[in-house]
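Trainee: Here is the input, now give the coordinates:
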Amino acid sequence: ASLICHLRKDVQGIVRALKTDFPELWIKEYHGKSNPVEKTHDFSNVEEAWKVVYLVAYTSTLKIGVSCTNPNFERAFCLFNSYIETNARMNQMLFHMRCIKDYICHIEQRSSNVPITEEGLFR
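Mentor: Purely as a prediction, here's the structure:
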């Protein structure tokens with residue numbers, strides 16, 4: 001599965017809770033303060049780096065050119081903030097995982113004209 005969040009603190013908090021409750025899970029997390037050497041290595045070949053990973057959690061630190069087709073990542077969980085990113089950027093963050101078949105998105109809405117529906121998000 002993949003966990004996509006705008007905020008590093010969300011990724012870190014969720015990953016910390018999962019590692020506490022399920023220490024047997026192998027989880028990779030990527031954000032602005034994660035190890036740059038590990039990120040460079042993993043992003044050079046995500047299929048290899050993530051082949052035995054249960055969850056990949058990331059922020060927008062996952063850049064253009066990184067895409068994964070591993071069927072282990074058919075589910076995605078997203079925590080988005082409408083006031084941080086555009087709908088196009090949210091879409092791009094979600095589909096770094098090319099084989100998503102099911103996703104659950106929570107979009108925190110503040111006063112803005114950013115779409116909050118699935119239809120609006122993928123226009």
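Trainee: Can you give me the end-to-end span of stretch 42-58?
Mentor: 13 Å (C-alpha to C-alpha, to the nearest Å).
Trainee: for that stretch, what is the average pLDDT?
Mentor: Computed over stretch 42-58, the mean pLDDT rounds to 90.
Trainee: Figure out how far it is from the centre of its chain.
Mentor: Remark: stretch 42-58 is offset 12 Å from the chain centroid, using C-alpha atoms, centre = their mean, to the nearest Å.
Trainee: Over to stretch 68-79?
Mentor: Offset of stretch 68-79 from its chain centre (C-alpha atoms, centre = their mean): 8 Å.
Trainee: can you check stretch 58-77 too?
Mentor: On C-alpha atoms, centre = their mean, the centre of stretch 58-77 falls 6 Å from the chain's centre.
Trainee: quick one: buried residues of that stretch?
Mentor: By neighbour count with 16 or more other C-beta atoms under 10 Å, stretch 58-77 contains the buried residues 58-62, 66, 68, 70, 72-73, 75-77. For the C-beta atoms, the positions are set from N, CA and C on the backbone; glycine is no exception.
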